[in-house]
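**Student:** Here is a sequence with its predicted model. Questions after.
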Protein chains: 2
Amino acid sequence: MQSCLPRKIEIHEVVLRDGIQNEKKLVSTDQKIKLINALTDCGVRRIEVSSFVNERLVPQMADAEKLWSMVRRKEGVVYAALVLNGRGLERAMRCRVPQIGIYVSASETHSRKNSNASTAEAMREAMLLIEKAQGAGMEVRAGVMNAFGCAYEGNVPQAKVIKLVKDFLKKEPDEICLADTSGMANPSQIRKLLVRVQEVAEKVPISLHLHNTRGLGLANVWAAINEGVSIFDTSLGGLGGCPFIIGARGNIATEDTVNMLHETGVETGINLDMLIEASLQFERYMGQKFPAMVSHLTRSHS
Amino acid sequence: MQSCLPRKIEIHEVVLRDGIQNEKKLVSTDQKIKLINALTDCGVRRIEVSSFVNERLVPQMADAEKLWSMVRRKEGVVYAALVLNGRGLERAMRCRVPQIGIYVSASETHSRKNSNASTAEAMREAMLLIEKAQGAGMEVRAGVMNAFGCAYEGNVPQAKVIKLVKDFLKKEPDEICLADTSGMANPSQIRKLLVRVQEVAEKVPISLHLHNTRGLGLANVWAAINEGVSIFDTSLGGLGGCPFIIGARGNIATEDTVNMLHETGVETGINLDMLIEASLQFERYMGQKFPAMVSHLTRSHS
């Protein structure tokens, strides 16, 4: 079996949002700036700077406004944020965020726990948010959470995901993101769902947000690039997970993903050695060993 | 892209050989027997019981004879061992080992370090061993170590691997095993090498021995099953690695592999819940947390 891989993959770095949101140690605004600059110096061209959420629920995001005021925006880099509701969007608009992520969960149980609304209610709210963001000139990334299964509900029907994608497409977002929030995706399912979503989405780019909960993260990336997906969310060091879902720790690690892509001949524009150095530096700051593997190969035997 | 996956995969369990060979804590013969029985109770149908090597170099294998005398051989289970030389083969013959693994490294440097012989010399020796094993009625698994790269030499030319496979095929082994001894394989390379090896090997089954050194273990399994490979070496808990190669720790974990296969609709004949229980029990015996992921999902959040 031979297929045509994308020549280049875009890495959408989420360590500053999904990565640290559930970490107990608060990352200082200065350290966040340092990390953003280190990542863009490595060649990262898309980076989530923060979410705009209730700081009592996610204290790690309390400095969002300050952080956005301090980010030195480099030419060619997309700085992004995530919002959950109208209040978050207004904050993001005041910060002149160029790209905004707006998500709806394909699982009713998760939707109620995450946003206190049914999937249908959350979608109506999301569509209003998208309109408003587009009116403010923002790029919109519309995402489906738990697109590959739910820790609460188990299987999530493909038809439900397709329905949400179709709803989003009515608002002409710049990108559709499928998120494996619970880390339950497998490569066979990735392949099947992507075929269906790409039929529906036509020219709208699809991105994937994958977790490595069951060790399948890179197998899922491999299955997806063989279907032509060329945008992946990754988190430096493999930090992260969803605070609302039990057992869903561990985003796919930026360095492990970049290593696989480079080894298979796919470009990312990222300098892997510098990226590993940035990961190890942030690891020292956080005072813990991150799950990423390529960062620890030399060290563990030196 | 859609392809036809094998309906069923055979798991060749190597925790008792590759898994523990480099562990400092010596596993008692009784514990090994307990583990063998637990694994076959889970449905594992191929299991490496030991290697026959110099016990001063690999103290974990010092009880090979005693262990083989105590194994209760179940109908339908293939019990296997690995040998490096004539002395090891004679020991294996005295133990009436039904399946024997004989390996040659595709890397000159690794070959000299591992067997004190060039690749060509090692192949001549291996061919004599195969003849002798076949004469004793043993099944032979002929393997190429470092088939996907070498920690010492880096890239290993595909032509060198093919040459070794062709040499082995002259002796009509029951199986050809390609081993990613240094954990350097990537899914693109797996695909390319398998296409070439399958052309050469024709009807002789190909098995893969993969490591998860860079997090690519399951991506490589996924690439390989899409090429029709249906036999994989795995190690309970993800224990293992090659003691002669720096940085090559971590076989692919049996439970993570079985989970991926079941999730993608491929049978293994193995009960995953029982397998996880066996892994956690062995983990407690070894007094360490193994790298496997699906075994730790519930526990880490209970």
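**Tutor:** Perfect, thanks for sending it.
**Student:** And A:Pro291, how close does it get to A:Gly237?
**Tutor:** Plainly put, A:Pro291 is 7 Å away from A:Gly237 if you go by C-beta to C-beta, to the nearest Å. (Glycine included, C-beta is placed from N, CA and C.)
**Student:** try A:Trp222
**Tutor:** Per C-beta to C-beta, A:Trp222 is found 21 Å from A:Gly237.
**Student:** sec struct for the closest residue to A:Pro59 other than its chain neighbours, please.
**Tutor:** Nearest non-adjacent residue to A:Pro59, counting by C-beta to C-beta, 6 or more residues apart in numbering or on different chains: A:Leu26, 6.4 Å away. Using DSSP: H, G, I helix; E, B strand; the rest coil, the structure places A:Leu26 in coil.
**Student:** Equivalent analysis for A:Glu277, please.
**Tutor:** Put simply, A:Glu277 is helix when judged by three-state DSSP.
**Student:** now it: how far from B:Ala38?
**Tutor:** Look at A:Glu277 and B:Ala38: by C-beta to C-beta, they are 43 Å apart.
**Student:** do A:Phe168 as well
**Tutor:** Counting by C-beta to C-beta - A:Phe168 and B:Ala38 are separated by 49 Å.
**Student:** in the stretch 51-200 of chain A, what spans have low per-residue confidence?
**Tutor:** Scanning the stretch 51-200 of chain A for pLDDT under 70 picks out nothing.
**Student:** Around chain B, pick out the residues from it.
**Tutor:** Counting by C-beta under 8 Å from any C-beta of the partner chain, the stretch 51-200 of chain A comes close to chain B at A:Asn186, A:Pro187, A:Ser188, A:Gln189, A:Arg191, A:Val195.
**Student:** Share the number of residues neighbouring the fifth one, please.
**Tutor:** Around A:Arg191 sit 20 other residues, with neighbours defined as other C-beta atoms under 10 Å in any protein chain shown.
**Student:** Kindly report the same for the last one.
**Tutor:** Other residues within reach of A:Val195 by the criterion other C-beta under 10 Å amount to 12.
**Student:** in chain A, which residue is closest to the centre?
**Tutor:** With distances taken as C-alpha atoms, centre = their mean, the residue of chain A nearest its centroid is A:Asp233 (4.0 Å).
**Student:** Identify the spatial nearest neighbour of that one, chain neighbours not counted.
**Tutor:** Distances taken as C-beta to C-beta, 6+ apart place A:His209 nearest to A:Asp233, at 4.0 Å, with adjacent residues excluded.
**Student:** Tell me the confidence at the one you found?
**Tutor:** Looking at A:His209, its pLDDT reads 98.
**Student:** repeat for A:Gly250
**Tutor:** 88.
**Student:** At which residues are the strands of the stretch 151-300 of chain A located?
**Tutor:** Taking DSSP state E, counting those that start in this stretch as the test, the strands found in the stretch 151-300 of chain A are A:175-179, A:206-209, A:231-234.
**Student:** List the neighbouring strands of the last one plus their orientation.
**Tutor:** Looking at strand A:231-234 with DSSP bridges, its paired strands and their directions are strand A:10-13 (parallel), strand A:206-209 (parallel).
**Student:** before we move on, back to that, out of the residues of the stretch 51-200 of chain A next to chain B, what pair is the most spread apart?
**Tutor:** A:Asn186 and A:Val195 (14.8 Å; C-beta to C-beta).
**Student:** where's A:Glu90 relative to chain B, distance?
**Tutor:** 35 Å (C-beta to the nearest C-beta, to the nearest Å).
**Student:** Does that residue belong to a helix, a strand or coil?
**Tutor:** When classified by three-state DSSP, A:Glu90 comes out as helix.
**Student:** neighbours around it, how many?
**Tutor:** Per other C-beta under 10 Å, the neighbour tally for A:Glu90 reads 14.
**Student:** same deal with A:Glu125?
**Tutor:** Using other C-beta under 10 Å, A:Glu125 is surrounded by 17 other residues.
**Student:** ditto for A:Lys166
**Tutor:** A total of 12 residues lie near A:Lys166 under the criterion other C-beta under 10 Å.
**Student:** Tell me who's in contact with it.
**Tutor:** Applying C-beta atoms under 8 Å, 6 or more residues apart in numbering or on different chains, we find A:Lys166 in contact with A:Val200.
**Student:** I'd like to check what contacts stretch A:17-28. Which residues are they?
**Tutor:** Under the criterion C-beta under 8 Å, 6+ apart, residues A:16, A:35, A:48-51, A:58-61, A:81-82, A:209, A:233, A:235-237, A:239-243, A:249, A:251, A:285-287 lie in contact with stretch A:17-28.
**Student:** on that earlier part again, I figured the residue nearest to A:Asp233 hits A:Ala179, correct?
**Tutor:** Yes. Using C-beta atoms under 8 Å as the test, A:His209 is close enough to A:Ala179 to be in contact (3.9 Å).
**Student:** Please identify the buried residues of the lengthiest helix in chain A?
**Tutor:** Taking DSSP state H as the criterion, chain A has its longest helix at helix A:119-135. Of all the residues in helix A:119-135, those buried under the rule 16 or more other C-beta atoms under 10 Å in any protein chain shown are A:Thr119, A:Ala122, A:Met123, A:Glu125, A:Ala126, A:Met127, A:Leu129, A:Ile130, A:Lys132, A:Ala133, A:Gln134.
**Student:** do the same with stretch A:283-301
**Tutor:** For stretch A:283-301, a neighbour-count test (16+ other C-beta under 10 Å) marks A:Glu283, A:Met286, A:Phe290, A:Pro291, A:Ala292, A:Met293, A:Val294, A:Ser295, A:His296, A:Leu297 as buried.
**Student:** what distance separates stretch A:36-47 from the centre of its chain?
**Tutor:** Counting by C-alpha atoms, centre = their mean, to the nearest Å, stretch A:36-47 is centred 15 Å from the centre of its parent chain.
**Student:** Now the terminal residues of it, how far apart.
**Tutor:** With C-alpha to C-alpha, to the nearest Å as the measure, stretch A:36-47 spans 8 Å from end to end.
**Student:** And that stretch, what's buried?
**Tutor:** Quick answer for stretch A:36-47 (16+ other C-beta under 10 Å): A:Ile36, A:Ala38, A:Leu39, A:Thr40, A:Cys42, A:Gly43, A:Val44, A:Arg45, A:Arg46, A:Ile47.
**Student:** Take those residues and write them to TSV, including pLDDT.
**Tutor:** Output for the buried residues of stretch A:36-47, formatted as TSV (pLDDT from 0 to 100):
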residue	pLDDT
A:Ile36	98
A:Ala38	98
A:Leu39	98
A:Thr40	98
A:Cys42	98
A:Gly43	98
A:Val44	98
A:Arg45	98
A:Arg46	98
A:Ile47	98
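**Student:** What about those residues, which are in strands?
**Tutor:** Members of the buried residues of stretch A:36-47 lying in strands (criterion: DSSP state E): A:Arg46, A:Ile47.
**Student:** Output the buried residues of stretch A:36-47 in a markdown table; the columns should cover distance to B:Ala147.
**Tutor:** Below are the buried residues of stretch A:36-47 laid out as a markdown table (distance: C-beta to C-beta, whole Å):
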| residue | distance to B:Ala147 |
| --- | --- |
| A:Ile36 | 41 |
| A:Ala38 | 37 |
| A:Leu39 | 35 |
| A:Thr40 | 38 |
| A:Cys42 | 32 |
| A:Gly43 | 32 |
| A:Val44 | 34 |
| A:Arg45 | 36 |
| A:Arg46 | 36 |
| A:Ile47 | 38 |
